[in-house]
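[1] Starting from these lines, generate the structure:
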Amino acid sequence: MTHSAVAKYQPKSIPKTMLTTVPKVRLYVERPEDENWFVHVGHVTDRGRWRTEPHAHPAYGQVIFVRSGRGVMNLEGSSVPFEGPCALLLPTECVHGLDYEIDADRWVVTIEVAYLTQVNAKLREFIALWALPRMIPLSYSAEAGMEFASLIESLKQEVESDAVGHVVGTEALLTTLLLMLVRETRLDQTGNDGATRNDVRQVDRFRKLIDEHYRENLPLQDYASMMAISLVQLRAACASAAEQSPTKMIHARIITEAKRNLIFGDMSVEQIAFWLGFADAAYFTRFFRREVGQAPSQFRLAARQQAQRKVLSQ
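    Numbering: from 1, shown residues only. Below you'll find the model as predicted:
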């Protein structure tokens, strides 16, 4: 049984990156007039096992609240077990599959990417929260799961409402929901306490530009120019808020995409190299080995052997 609600918002136009080997999911909206949604809330109860194959959704982020039940999340090729009550936080573009092993009662909150960016700008911890996919346990007390469930139910009611100020009410409840997740998540606070809010926002903007252009082998100066800051400012912001150099951040994004294609796709190593903007497959192999510690072919073989062992053990 599924119930869903959609709130409307006119999102800003944002370029969307495309993957060629990982299935993309576009949110199903029940009514055509609801296509300008910005928050979608659904309640799902299933009997027995339920599974989705690995996929990505570039146009939105999701919070899945598992009120009861358990399962395994296939996250970028790694298995992450979960058991309700917990929250599964899935940023845009992360490749994930879900295998609910027993009856699961879950709420799915889907947030349009442009609106999510605006909400995240309210607090730098929100940006840190969405930097990685997460499984956030809410089982330390009975009250935590109940409070989260109540909050999502209130959010659903506000999304469905046509009352005056329902957009403001939706934003307030969504902000409260994310704040609760921030407080329940053990974010690493040791490294970037000295980072200013502007540094965090600059790095968030830089990450989005990397997502759009990582295959183009752009010089760092081009990124700085697109952000209307100097190269010195870009390097300083990355060092302060991300504890990485801009080049290292670009390399990390390329490696993430390479791993996705090696795990989930059928392209050869040479095809992946060219698709990622490398003119020479041998250079791509050296680059991948330097960053990962394995050649691409070795990484693919190991990942698929691990997946096969998991299938055989079930």
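[2] chain center to the helix or strand hosting residue 159, what's the gap?
    Assigned by DSSP states H and E, residue 159 falls within helix 142-160. From the chain centre to the centre of helix 142-160 is a distance of 22 Å (C-alpha atoms, centre = their mean, to the nearest Å).
[3] could you say what helices and strands it packs with?
    strand 2-8, strand 37-46, strand 60-68, strand 104-112, helix 166-184 (3 or more C-beta pairs under 8 Å, 6 or more residues apart in numbering; DSSP states H and E). The way it works is simple: take the backbone N, C-alpha and C, and place the C-beta from them, glycine included.
[4] Compute the inter-axis angle for that helix and strand 60-68.
    Here helix 142-160 points in a direction 130 degrees away from that of strand 60-68 (axes from the mean of the first three to the mean of the last three C-alpha atoms, to 10 degrees).
[5] Would you mark the buried spots in helix 142-160?
    144-145, 148-149, 151-152, 154-160 (16 or more other C-beta atoms under 10 Å).
[6] so which of the residues you listed comes closest to residue 177?
    Within the buried residues of helix 142-160, proximity to residue 177 (C-beta to C-beta) peaks at residue 151, which comes in at 5.3 Å.
[7] So the residue lying closest to the closest one once chain neighbours are set aside versus residue 261, what's the distance?
    Distances taken as C-beta to C-beta, 6 or more residues apart in numbering put residue 177 closest to residue 151, at 5.3 Å, once the chain neighbours are dropped. Noted for residue 177: a distance of 34 Å to residue 261, by C-beta to C-beta, to the nearest Å.
[8] if we can go back for a sec, residues in contact with the helix holding residue 159: which ones?
    3, 5-7, 39-41, 43, 65, 67, 84-85, 87, 107, 109, 138-139, 166, 169-170, 173-174, 176-177, 180, 184 (C-beta atoms under 8 Å, 6 or more residues apart in numbering).
[9] May I see the PyMOL selection of the buried members of these?
    Buried subset of those, written as a PyMOL selection, criterion 16+ other C-beta under 10 Å:
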select buried, resi 5+6+7+39+40+41+43+65+67+84+85+87+107+109+138+166+169+170+173+174+177+180+184
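[10] hang on, the earlier thing: can I get the helices and strands packed on helix 142-160 in TSV including mean pLDDT?
    Shown next, in TSV, are the helices and strands packed on helix 142-160 (pLDDT from 0 to 100):
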stretch	mean pLDDT
strand 2-8	46
strand 37-46	84
strand 60-68	92
strand 104-112	92
helix 166-184	93
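[11] Select, out of those, the one closest to residue 254.
    strand 60-68 (22.0 Å).
[12] got the angle for the closest one vs helix 166-184?
    Using the same axes, to 10 degrees: strand 60-68 against helix 166-184 is 70 degrees.
[13] Mind checking what helix or strand follows strand 60-68 in sequence?
    strand 70-75.
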